[in-house]
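Need a 3D model of the sequence below.
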Amino acid sequence: MPRWTCGIDGCDAGFDDVESAIVHQTNGHQRHECKVCGTIVPDGYFAIRHAFDEHTRAEFVRAYDADSAAVRRREEIKRDIEREADLQRVVDQLDRSP
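As a prediction, the model looks like this:
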């Protein structure tokens, strides 16, 4: 059973490693426009990372009409991915992608 699931817009694609899940999210789904600053980023992990590295939690809550549970869930996803992912491997895979 795959350990990582995409989760974007109900996508249930499963992956044995987190790096493959991130590459799938980046290449297999449309980009996301940040509602705080308008930056276009890949959806999924990279969108979460952008939101919480570039903006305050309050900006996220206001822009996305989110509540504290939504913030906590995204922070948990970000933490879990960053604990396990080899982000250089993700970059290398993305560089090799068409």
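
Which helix runs longest in the chain?
Identified as the longest helix of the chain according to DSSP state H is helix 68-84.

and that one, what other elements does it pack with?
If contacts are counted by 3 or more C-beta pairs under 8 Å, 6 or more residues apart in numbering; DSSP states H and E, helix 68-84 sits against helix 18-28, helix 45-54, helix 57-64. From N, CA and C alone the C-beta is placed, and that goes for glycine too.

How far away from the center of its chain is stretch 71-78?
Relative to its chain's centre, stretch 71-78 lies at 10 Å (C-alpha atoms, centre = their mean, to the nearest Å).

For that stretch, buried residues please.
Within stretch 71-78, the residues that qualify as buried are 71, 74, 78, counting by 16 or more other C-beta atoms under 10 Å.

Check stretch 10-20 too.
13, 15, 18-20.

mean confidence for stretch 45-56?
Mean per-residue pLDDT for stretch 45-56: 97.

With stretch 6-24 instead?
On average, stretch 6-24 scores 95.

roughly how far is that stretch from the heart of the chain?
10 Å.

That one: end-to-end distance?
Terminal residues of stretch 6-24 lie 8 Å apart, using C-alpha to C-alpha, to the nearest Å.

Out of the buried residues of stretch 71-78, which comes closest to Asp86?
Lys78 (15.6 Å; C-beta to C-beta).

The nearest residue to the closest one once chain neighbours are set aside: neighbour count?
Closest residue to Lys78 apart from its sequence neighbours, by C-beta to C-beta, 6 or more residues apart in numbering: Ile48 at 5.1 Å. Neighbours of Ile48 under the rule other C-beta atoms under 10 Å: 19.

Likewise for Thr5?
Thr5: 12 neighbours (other C-beta under 10 Å).
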